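Participant: Structural data only, the sequence is not supplied:
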């Protein structure tokens, strides 16, 4: 996660990159990707594409990129991109 954060130049920003190697948070948030299409390609225990706005430990917004025929959010990931989550913060 540190290398990913470094490559995205997130030092000294409000962004925090977190890992979830056992999918504990993913399952607790009900964000596990279970559609057989992506699971057959990516394997089980993967997280849906999402962005979350958290303030002092309180979840203010969760945007999940998924839609009919697009369970992994590949066709339109816009709600989980920076502009998408920033729009919920206004």
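Facilitator: Structure received. All of these numbers come straight from a predicted model, not from anything done at the bench. Numbers count the residues shown, from 1 in each chain.
Participant: how about the helices of the chain, start to end?
Facilitator: Along the chain, counting by DSSP state H, helices occupy 2-7, 24-28, 36-42, 82-88.
Participant: now the first one: how far from the chain's centre is it?
Facilitator: What it means is helix 2-7. Distance of helix 2-7 from its chain centroid, counting by C-alpha atoms, centre = their mean, to the nearest Å, is 16 Å.
Participant: which outside residues touch it?
Facilitator: Contacts to helix 2-7, defined as C-beta atoms under 8 Å, 6 or more residues apart in numbering, come from residues 11, 15, 17. Where you see a C-beta, it was placed from the backbone N, CA and C, and this is true even at glycine.
Participant: Closest one of the residues you listed to residue 81?
Facilitator: Nearest to residue 81 among these is residue 15, at 13.0 Å by C-beta to C-beta.
Participant: OK, contacts around the closest one?
Facilitator: Contacts of residue 15 (C-beta under 8 Å, 6+ apart): 5, 8.
Participant: How about the backbone phi and psi for it?
Facilitator: phi -80, psi 140 (degrees, to the nearest 10).
Participant: Return the residues in contact with the nearest residue to residue 42 once chain neighbours are set aside.
Facilitator: Excluding the flanking residues, the one nearest residue 42 by C-beta to C-beta, 6 or more residues apart in numbering is residue 33, at 7.2 Å. By C-beta under 8 Å, 6+ apart, the residues touching residue 33 are 39, 42, 46-48, 71-72.
Participant: Can I get the contacts of helix 2-7 in CSV including distance to residue 61 and pLDDT?
Facilitator: Formatted as CSV, the contacts of helix 2-7 follow (distance: C-beta to C-beta, whole Å; pLDDT from 0 to 100):
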residue, distance to residue 61, pLDDT
11, 24, 80
15, 15, 79
17, 18, 79
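Participant: can I get those in JSON lines with distance to residue 59?
Facilitator: JSON lines is the format used below for the contacts of helix 2-7 (distance: C-beta to C-beta, whole Å):
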{"residue": "11", "distance to residue 59": "24"}
{"residue": "15", "distance to residue 59": "16"}
{"residue": "17", "distance to residue 59": "17"}
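Participant: still on that earlier bit, to residue 54, which of the helices of the chain lies closest?
Facilitator: helix 82-88 (10.6 Å).
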